[in-house]
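> here is a sequence with its predicted model. Questions after.
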Amino acid sequence: MRGPLGAVIGRYPSSDGVTQMGGIIRHNRKCRDIIVLVIFIAFWIAMIVNSSFGFNQGNPLRLTYGLDYKGNVCGDKHAHPGLSELELRYWQNPNQVYQSGLKDSQFKLADARSICLSECPMPSEDSLNWVCDYPEGDIRLSMKDWINRNYDYFEFLTPEMRNSSLQLQGPCYPVIFPTVNVYWSCQFIARASNTSLKHWQQMGGVNINEDIVIDKSIHKSINSRSAVLERYMADIGKAWPVLIVCGGILPLFLSVIWLMMIRHFVAAMPWITVVLFNVLIISVTMFYYLKAGWIGNDAISPIIGEHDPYISVYGRELTHIRVVTILMTFIMVVAILTSIAIVRRILMATSVLKVAAKVIGEVQALIIFPLIPYTVLAVFYMFWISAALHLFSSGQVVQNNCNSNCCTYDLIAKRVNCDRCCGYSIHYTPHIGVAILFHLFGCYWATQFFIACSSTVIAGSVASYYWARGETSPEIPFLSVFSSMKRLMRYSLGSVALGSLIVSFVESIRFLLEAIRRKLKVSSHGHDSCLGKAAYQFSQCFLRCIEWTIKSVNRNGYIMIAITGKSFFSASFIATELIMNNILKIGRLNVIGDVILFLGKLCVSLSCALFAFLMLDTHKYNSAHNKTSSPLLPVVVCWALGYIVATLFFAVVEMSIDTIVLSFCQDSEEHQGTAQYAPPLLVETLSDQNEMQRLTQGP
């Protein structure tokens, strides 16, 4: 049975039964859940080892740029030859591109001859342009001269080389079709230049296929799922200034402002939060409509640089933007209707927030404390994102194994070579996928752990304030937050690690179930049965309920860990029993307060998303090598980071309310319905019968 907590967290009598001894939350504590703490330390060691593998094997340039026929990554200054200014992949042989697009062809685009250029070639209006291989062997040109000559040294070729070039075997290839830069690959446009083709035929060149299929294989390669995923990851690397500003600095500023306004304008904050939330969600949804091309002419385009106005190329990114736009429209409608529904409860939320405002006013260190976990998380995310980019690009560059006819002139051997002429691809082994999944799980567990630590420290500080009757006494240090943090670091890290692990585990199960469902749906090549859909929806709903329950239990469990120093399961049991015994008293009070706090977090995160849209809409991210393929993932990441930062700071209010309410209920139970430790500033709010009746029964 649960014993009274007054003797644990308040003053308790000495052996004579009269003298009050001890202090606030001081008793015989000891380390709890040590096994889980050891597992957590081992997990961090594994995270470092896993990330080291990515830093050692990965190259983020692979996420954006393609490979040439030598296996070099375009844009890599360390390649041979150096390709620092050559970021665009161009397929030289038009017949190879044509063959790779045929339905029954065994020839693959990955085996076609490709080199890296700085600009996509265009046919000449009065002559024939050539694109030649990198200069080597008897071609005495530097890479700089080769670039300045528009990659053309046909006039320097020997008769043998010229004849080989006219057979489309290099080292020079004709430019018959216009090309346009689509995500750093030169997309062929199925519109042959009559002038260039006429010159080619007059020179005795072999037949060049002019079928429209010439543009299909490149388009298919550029829009494959793996290519789109790689571009999304590359967008994160390119948009790192946006992540720092909109995912780090801006939510920090907005969260502090929100806490200060709660402190000084508590009566107006619920109304301000609801109105601001609706304005922001409408604004973000409108930006999605703009980027989807449904409002105005600002739709995202896969084409980089200037091009003919008639050229229209669509990518998966635009489809994804439009799907998210529809989803945001639905969320916006639901959010507005929900806001209207809770208007009548705004006064109740005001009374709830008064509790936190009074605590923050007395324990002012609570306002600046979230800067500590914020700094730790900021350093962790910078390391984690960098490691993630390297892990996603840590495949091995290997030459394809093919039997295709891809003969080409070797400038060094001075002859046409048909051996080992296959192209290169990036080979991803299964253990890379496992490493990426482990990295993702590690991020979620670490985030939950740091948030839990912050919540526990806040709960311990607020409990100290409550059980000292809200008075500034020598038993509550000026920086009571740091006293609570010391207790956490010394005794309860294992308990916090266990609670965060349980939440992460349940979330991972939901993710795996979704991945399995998608895989089964693809493999079946058919529609899900009604029974299968129902089973899936039921399992998702069940897991969401479990996740919500666990998060709720964890939050109250962290409070009792901070107060009693017990293990995670013991503290959660005490908190659950206390809540169940007082469910009518605190149920609706907490719900309305949590709704307003949730809307406040969304206000911060939506503001971050809105500013991310504005930053990504500048010239820097719409052109040249910094162009992002889509604003979707950077905006979503900024939204998530903003929500996490807001959660850290809003935990001051959230945990203050929960800790005060739980302490008040326990105090009332131990003293026959009269809370003796409730500080004077809180008694009028929590002890007034008329106020409590209004809060619990509603208007």
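Structure's in. What do you need?

> ok, longest helix in this protein?
Determined from DSSP state H, the single longest helix within the chain is helix 632-670.

> shouldn't Tyr173 be in contact with Pro121?
No. Tyr173 lies out of contact with Pro121 (CB atoms under 8 Å); the separation is 9.5 Å. Every residue, glycine included, has its C-beta placed from N, CA and C.

> which neighbours do those two share?
Val131 (CB atoms under 8 Å, 6 or more residues apart in numbering).

> how is this protein partitioned into domains?
When the chain is parsed with the TED database, its domains come out as 88-223, 226-307+314-392+406-425+437-517+531-690.

> residues near Cys402, how many?
By other CB atoms under 10 Å, the residues close to Cys402 number 15.

> and it, which of the three is it?
coil (DSSP: H, G, I helix; E, B strand; the rest coil).

> contacting residues for it?
Contact analysis of Cys402 by CB under 8 Å, 6+ apart lists 108, 111, 422.

> circling back to that earlier point, can you give me how far the longest helix of the chain is from the chain middle?
Relative to the mean C-alpha coordinate of its chain, helix 632-670 is positioned 21 Å out (CA atoms, centre = their mean, to the nearest Å).

> what is the mean pLDDT for it?
The pLDDT scores in helix 632-670 average 87.

> try stretch 427-435
Mean pLDDT, stretch 427-435: 86.

> show me how far that stretch is from its chain's centre.
Per CA atoms, centre = their mean, the displacement of stretch 427-435 from the mean C-alpha position of its chain is 20 Å.

> what's next to that stretch, contact-wise?
The contact list for stretch 427-435 (CB under 8 Å, 6+ apart) reads 50, 53-54, 391, 394-398.

> state the helix or strand in which Ser226 lies.
Element membership for Ser226 (DSSP states H and E) is helix 225-238.

> what is the subsequent helix or strand relative to that helix?
Downstream of helix 225-238, the next assigned helix or strand under DSSP H and E is helix 240-244.

> what sits up against that following helix?
The contact list for helix 240-244, computed with CB under 8 Å, 6+ apart, reads 236, 385, 612, 615-616, 621, 634, 637-638, 641.

> of those, just the buried ones, PyMOL syntax please.
Buried residues within the contacts of helix 240-244, by 16 or more other CB atoms under 10 Å, are selected in PyMOL with:
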select buried, resi 236+385+612+615+616+621+634+637+638+641
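
> which one of the contacts of helix 240-244 is nearest Pro60?
Pro60 has its nearest neighbour among the contacts of helix 240-244 in Ile236, at 9.5 Å by CB to CB.

> what's the closest one in contact with, if anything?
Contact partners of Ile236, counting by CB under 8 Å, 6+ apart, are 243, 385, 388-389, 633-634, 637.

> from these, which is closest to Gly66?
Leu389 (17.3 Å).

> can you tell me how far that closest one sits from Ser51?
Note on Leu389: its distance to Ser51, by CB to CB, to the nearest Å, is 11 Å.

> next one: Ile218
Using CB to CB, one gets 35 Å for the distance from Ile218 to Ser51.

> cool, and Arg32?
Between Arg32 and Ser51 the distance, using CB to CB, works out to 30 Å.

> circling back to that earlier point, ok, Tyr173 and Pro121, which is more surrounded?
Neighbours per residue (other CB under 10 Å) separate Tyr173 from Pro121, with Tyr173 holding more: 27 against 23.
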